[in-house]
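> show me the folded form of this:
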Amino acid sequence: MKAQITINSISRENYETVGEDKLSAGKLIVVTGPSGVGKGTLLQKLLERHPDRILFSISATTRSPRTGEEHGREYFFWDRAEFEQKRDTGEFLEWAEYAGNLYGTPRNPIDQAISLGQIVLLEIELEGARQVAQSFPSAKRIFIAPPSMEVLENRLRDRSTDSDEQIIKRLHHAKLEVAAAHEFDITIINDDLEIALQQLESAMFD
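All right, here's what the predicted structure looks like:
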């Protein structure tokens, strides 16, 4: 099975002839999928192909910067009081707490980029995507799915970064995520990377 768009698909030929009106329209694209499905590779190749049109959303966090990280590049680094003040005044599209630190997606930079005609990509977990569906209903939400759970397990093992216990946990979580794919506007099955990339482009510029 090759990669496919299962909802609202348009052909590569149609993508290549999209009018200037669509190319100039900014939008928010939310991308979700299980660990190991290839989201990062797809999005990095998209950025390489369209560096002037695509921006990656920058999250905010209350954790301290790690060596080499800069405020406004990897994250917006805010203390808890500032983060909570922004959260309480509705300045986040989504937020959550992990390991004692707060993380969230500030809305203002995304609104500004969209107003300038940029396409903003937000790679996020399922629960965050569900929050964005409520806070930014015009966002296009795309789910990247594996061809099968067996293929996903092989990809996770090939990375050689996780223990067997961690892989089992990731696969369990992946099953829950894949079961929620119907909540998204588009599902792309990442079997062939180049085909999946072309279909992701088509979905973005539709």
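
> which other helices and strands does the longest helix seen in the chain contact?
In the chain, taking DSSP state H as the definition, the longest helix is helix 164-179. Here helix 164-179 touches helix 149-159, going by 3 or more C-beta pairs under 8 Å, 6 or more residues apart in numbering; DSSP states H and E. Any C-beta I mention is one placed from the backbone N, CA and C, and that applies to glycine too.

> run the angle between the helix it packs on and helix 164-179 for me.
140 degrees (axes from the mean of the first three to the mean of the last three C-alpha atoms, to 10 degrees).

> now helix 149-159: mean pLDDT?
Mean pLDDT, computed over helix 149-159, is 94.

> buried stuff in that helix?
Residues of helix 149-159 classed as buried: Val151, Leu152, Glu153, Arg155, Leu156 (neighbour count, 16 or more other C-beta atoms under 10 Å).

> from Met149, how far off is the last one?
I take that to be Leu156. According to C-beta to C-beta, to the nearest Å, Leu156 stands 10 Å off from Met149.

> overlap in contacts, the two.
Listed contacts common to Leu156 and Met149 are Leu171; contacts here mean C-beta atoms under 8 Å, 6 or more residues apart in numbering.

> show me where pLDDT drops low in the protein?
Applying pLDDT under 70 to the chain flags the ranges 1-24.

> quick one: the strands in it, in order.
Under the criterion DSSP state E, strands of the chain are mapped to 27-32, 54-56, 59-61, 75-77, 92-98, 101-106, 119-123, 140-145, 186-189.
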